[in-house]
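> Take a look and give me a structure for this.
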Amino acid sequence: MGDVFKALADPTRRTILDELTDRNGQTLFEICARLTTKYDLGSSRQAISQHLEVLEAAGLVVTKREGRDKFHYINTGPLEPIVERWLRKPKRTVQHR
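Here you go, the predicted structure:
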């Protein structure tokens, strides 16, 4: 779970995940172009590639090669333990003194 939190700690990586949620299955070139135009992020291709590597290491992004192209897809599976741990537990009422 530590890798997931580390990956989510960076705002650029969260924006990349937002973008893949909006339009899944993009190449590095497409992600960079959309981050620049849609989110006004001026990161280099190398920087975005490094962010994608962190997201992939955490399991939040999976890739698929098709010929010369490498497509990136969001994978929400690693978020499930977080949801189960904190969001799906029965709610306790907080008693104030």
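
> Just give me the neighbour total for residue 38.
13 (other Cβ atoms under 10 Å). The C-beta positions use only the backbone N, C-alpha and C, and glycine is treated the same way.

> next one: residue 83
By other Cβ under 10 Å, the residues close to residue 83 number 10.

> What residue, apart from its backbone neighbours, is nearest the residue nearest in space to the middle of the chain spatially?
Nearest residue to the geometric centre of the chain (Cα atoms, centre = their mean): residue 17, 3.3 Å. Nearest residue to residue 17 in three dimensions, chain neighbours excluded: residue 74, at 5.9 Å (Cβ to Cβ, 6 or more residues apart in numbering).

> for the residue nearest to residue 57 when sequence neighbours are not counted, helix, strand, or coil?
Excluding the flanking residues, the one nearest residue 57 by Cβ to Cβ, 6+ apart is residue 3, at 6.2 Å. With DSSP: H, G, I helix; E, B strand; the rest coil as the basis, residue 3 sits in helix.

> on that earlier part again, state the distance from the residue nearest to residue 17 to residue 84.
Per Cβ to Cβ, to the nearest Å, residue 74 is found 19 Å from residue 84.

> The two - which one has more neighbours?
Counted by other Cβ under 10 Å, residue 74 and residue 84 do not tie: residue 74 has more neighbours, with 19 against 10.

> all helices of this structure, in order?
Taking DSSP state H as the test, the helices found in the chain are 2-8, 11-22, 28-39, 45-57, 80-82.
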